[in-house]
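Chemist: When you get a sec, could you give me coordinates for this:
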Amino acid sequence: MSINLTLILILSVIGIINTGYLSYHTIKKTPVKCFFFPPEWCLKVQQSKFSRTLGFPNSYAGLAMYCGLLILTLLFYAGALAVFWPISAIIWIGFLFSLYFFIIQAFVLRAFCTWCVVSFIEFVLLFIINFLR
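Modeler: A predicted model of the protein is given here:
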C-alpha cells in the first residue's frame, strides 16, 4: 500500500472518531470538551446557526464524508474501485467546507472549536496528500 493511501486511511479513521464525537454531542445536545480554547468558544460554535447546513448538522456531514473516504479508499486499495476521482472529490468538498467554516469561526463568530479545527487540519493534510498524489 502506498504511503498516500495509508495516510488517507489514518486521517479518515481520526476524522470518524472526531466527527463521531461531535455527532454524539449533537444528538445528546450536550457541550463538547474544549481543549486549547475557552469553553465558551466551543459552545458558541456548537450553538451557532453555522453549525448546520440546510438544516443538517455539519458533524453528520463530516462523519458521512470521512466514512465515505475510508470505504472508497479501502475499495481502491483492494482494486474494487478502478478510479481515484471519487476519493479526490470527497477530499476537495471536505477541504472547501472546512476552509469555509474555519473562516466563519475566525471572522464571523470570532471563536474556535477544537474539534472543528482538528477537522480543518485533517482536510488540509488530505488536500496536500491528494495534490501530491
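
Chemist: CA only for contacts and neighbour counts going forward, please
Modeler: OK.

Chemist: For this protein, list the residue farthest from the centre, please.
Modeler: Here the centre of the chain is the reference, and by Cα atoms, centre = their mean the most remote residue is Gly79, at 25.5 Å.

Chemist: Packing partners of the helix or strand where Trp115 lies?
Modeler: Applying DSSP states H and E as the criterion places Trp115 in helix 114-132. Secondary-structure packing of helix 114-132 (3 or more Cα pairs under 8 Å, 6 or more residues apart in numbering; DSSP states H and E): helix 3-28, helix 85-103.

Chemist: Show residues contacting the last one.
Modeler: Judged by Cα atoms under 8 Å, 6 or more residues apart in numbering, the contacts made with helix 85-103 from elsewhere in the structure are 50, 62, 65, 68-69, 72-73, 112, 116-117, 119-120, 123-124, 126-127, 130.

Chemist: And the helices and strands packed on helix 114-132: which comes nearest Pro57?
Modeler: Smallest distance to Pro57 across the helices and strands packed on helix 114-132 (Cα to Cα): 7.6 Å, for helix 3-28.

Chemist: Would you mind measuring from the closest residue to Gly15 other than its chain neighbours to Ile91?
Modeler: Leaving aside its sequence neighbours, Gly15 sits nearest to Tyr66 (Cα to Cα, 6 or more residues apart in numbering; 5.8 Å). Distance from Tyr66 to Ile91, counting by Cα to Cα, to the nearest Å: 9 Å.

Chemist: Could you check which of these two is surrounded by more residues?
Modeler: Neighbours around Tyr66 and Ile91, counted as other Cα atoms under 10 Å, are more numerous at Tyr66. The numbers are 29 against 25.

Chemist: Quick check, pLDDT for that one.
Modeler: According to the prediction, Tyr66 has pLDDT 98.

Chemist: Now do the contacts for it.
Modeler: With Cα under 8 Å, 6+ apart, Tyr66 has these contacts: Ser12, Val13, Gly15, Ile16.

Chemist: List just the nearest of those residues to Gln105.
Modeler: Gly15 (19.1 Å).

Chemist: what's the burial count for the closest one?
Modeler: Gly15: 25 surrounding residues under other Cα under 10 Å.
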